[in-house]
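Asker: Coordinates for the following, if possible.
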Amino acid sequence: MRQLSVFIPVESHDCPYLPDRQANSQYIDPRAELSGQDLSELSRLGFRRSGRLVYRPACNNCSECRSIRLVLGEWSPSRNLKRLLRRAHHWELSVQPPNDGDEYYALYERYINERHADGDMFPPSRATFREFLTEHYGNTRFLCARYQGELIGVLAFDQFDDGLSAMYCFYAPELDSHSVGTVMICRLNQLATGLNLPYNYLGYLVDGCRKMEYKRRFRPLETIKSGHWQSLD
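Answerer: Numbering: from 1, shown residues only. Reported below is the predicted structural model:
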């Protein structure tokens, strides 16, 4: 791929995944205009996107964050996942451009207030919503779920030349017992398969971080080892 400038902040910050640890990241120059090919290549190198920031962990003395992707040609829903999909069979799904309208923001605001009031995205704001989810490089879409016309879940995802990438999901907090995020990833898997794309990039898996454990429900997973994608197992 073409050469891109990478920056690493001098000062670290509190790790969002593991307590009592400091973290740092590499950032692609935010002034760079990245093409779809650039983003695909960076994804294969373990980079993720947050708004217009493209980054990957670069922590001193810690390598717990592992980039993972699901091999869709070998994936089939487990019995538990099939049960979740049956419970959600009446949801109406559509793929939409990123949207910061009132309906979308209201759902995001409720989700952050009720599910992540202790996180770094609290308190929610329109500016944060736009910066995080609707500023992008042209390859981002929303997978939207509705029930009886009401918006109940949104999964923001990116499309690369070899797969889709689940970026962030927010949903109606009262549906927490329905494992909305997990169901939406299953649907994204099916969408990628329909597009003949071999992978769903699921971000980072962090041992010891409970909120990341749901990703282990999807198999087989690959991770980057010594610069190459290999079986996680």
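
Asker: Where do the helices of this structure begin and end?
Answerer: 36-44, 79-87, 102-115, 126-129, 180-194 (DSSP state H).

Asker: Please save the CA atoms from the fourth one in PDB.
Answerer: Coordinates of the C-alpha atoms in helix 126-129 are reproduced here as PDB (Å, rounded to 0.1, in the frame of the first residue of the first chain):
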ATOM      1  CA  ARG A 126     -25.000  15.300  19.200                       C
ATOM      2  CA  ALA A 127     -21.400  16.300  18.500                       C
ATOM      3  CA  THR A 128     -20.000  13.000  19.800                       C
ATOM      4  CA  PHE A 129     -22.600  11.100  17.900                       C
END
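
Asker: who's in contact with that helix?
Answerer: By Cβ atoms under 8 Å, 6 or more residues apart in numbering, the residues outside helix 126-129 that reach it are 100, 104, 105, 108, 109, 121. C-beta coordinates here come from the backbone N, C-alpha and C atoms, glycine included.

Asker: Type out the PyMOL command that picks the buried ones from these.
Answerer: A single PyMOL command selects the buried members of these (16 or more other Cβ atoms under 10 Å):
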select buried, resi 104+105+108+109+121
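
Asker: ok, the contacts of helix 126-129 vs residue 228, which is closest?
Answerer: Closest approach to residue 228 among the contacts of helix 126-129 (Cβ to Cβ): residue 121, at 33.4 Å.

Asker: avg pLDDT for the top strand by length along the chain?
Answerer: Looking across the chain with DSSP state E, the single longest strand is strand 150-160. Computed over strand 150-160, the mean pLDDT rounds to 98.

Asker: now the angle between helix 36-44 and it, please.
Answerer: When axes from the mean of the first three to the mean of the last three Cα atoms, to 10 degrees is applied, the directions of strand 150-160 and helix 36-44 differ by 100 degrees.

Asker: starting at the chain centroid, how far to the helix or strand of the chain with the lowest mean pLDDT?
Answerer: The weakest-scoring helix or strand in the chain, judged by mean pLDDT, DSSP states H and E, is strand 13-14 (a mean of 88). Here strand 13-14 is found 21 Å from its chain centre; the criterion is Cα atoms, centre = their mean, to the nearest Å.

Asker: Partner strands of it, with direction?
Answerer: In the sheet, strand 13-14 lines up against strand 22-23 (antiparallel) (DSSP bridges).

Asker: Mind listing residues that contact the partner strand?
Answerer: 12, 13, 14, 15, 16, 17, 57, 59, 60, 62.
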